[in-house]
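1. show me the folded form of this:
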Amino acid sequence: ERQRLEEERLAEETKLDEEEAAAEEERQRLEEERLAEEAKIAEEEAAAETERQRLEEERLAEETKLDEEEAAAEEERQRLEEERLAEEARLAEEEALADAERQRLEE
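-> Now for the predicted structure:
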């Protein structure tokens, strides 16, 4: 009887050890799964941040390009305005000289 009880106890201990080992394996598997999922999420977040930065840099580059184009267009507009004013002043001077010459000839 004692031997039978000892064998039962040993069988029960073995069963418990096996269950604990299986539970530990499952815990480790779940931990590895969790870590893999966290790594995947971190990688996706890093990729999203990289893409966000790329788009921001692209937007800033486009904004800078547009600002430069606007500045160049404004400079050209001012240059043309100055040319127009200089031409008007030259024509007014020529008209004044012609008027003066006409008056001189009339006198």
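2. when you work out contacts or count neighbours from here on, use the C-alpha atoms and nothing else.
-> OK.
3. element containing residue 7, please.
-> helix 2-106 (DSSP states H and E).
4. now that helix: mean pLDDT?
-> If you average the pLDDT over helix 2-106, you get 97.
5. just want the most central residue of the chain.
-> residue 53 (2.4 Å; C-alpha atoms, centre = their mean).
6. from residue 78, how far off is it?
-> Separation of residue 53 from residue 78 (C-alpha to C-alpha, to the nearest Å): 37 Å.
7. equivalent analysis for residue 68, please.
-> 15 Å.
8. could you count how many residues lie near residue 27?
-> Neighbours of residue 27 under the rule other C-alpha atoms under 10 Å: 12.
9. scratch that, residue 75
-> By the criterion of other C-alpha under 10 Å, residue 75 has 12 neighbours.
10. next one: the one 5 residues further on
-> Close neighbours of residue 80, defined as other C-alpha under 10 Å, add up to 12.
11. one more: residue 64?
-> Neighbours of residue 64 (other C-alpha under 10 Å): 12.
12. ok, residue 91 next?
-> 12.
13. and if you look at the one 4 residues further on?
-> A count of nearby residues for residue 95, using other C-alpha under 10 Å, gives 12.
14. and the one 4 residues further on, by the same measure?
-> When neighbours are counted by other C-alpha under 10 Å, residue 99 registers 12.
15. same check on residue 54?
-> With other C-alpha under 10 Å as criterion, residue 54 counts 12.
16. what about it, distance to residue 45?
-> Counting by C-alpha to C-alpha, the gap from residue 54 to residue 45 is 14 Å.
17. equivalent analysis for residue 4, please.
-> With distances taken as C-alpha to C-alpha, residue 4 is found 61 Å from residue 45.
18. so which of the two has more stuff around it?
-> residue 45 (12 against 9).
19. distance of that one relative to residue 52?
-> For residue 45 relative to residue 52 (C-alpha to C-alpha), the value is 10 Å.
20. equivalent analysis for residue 46, please.
-> On the measure of C-alpha to C-alpha, residue 46 and residue 52 end up 10 Å apart.
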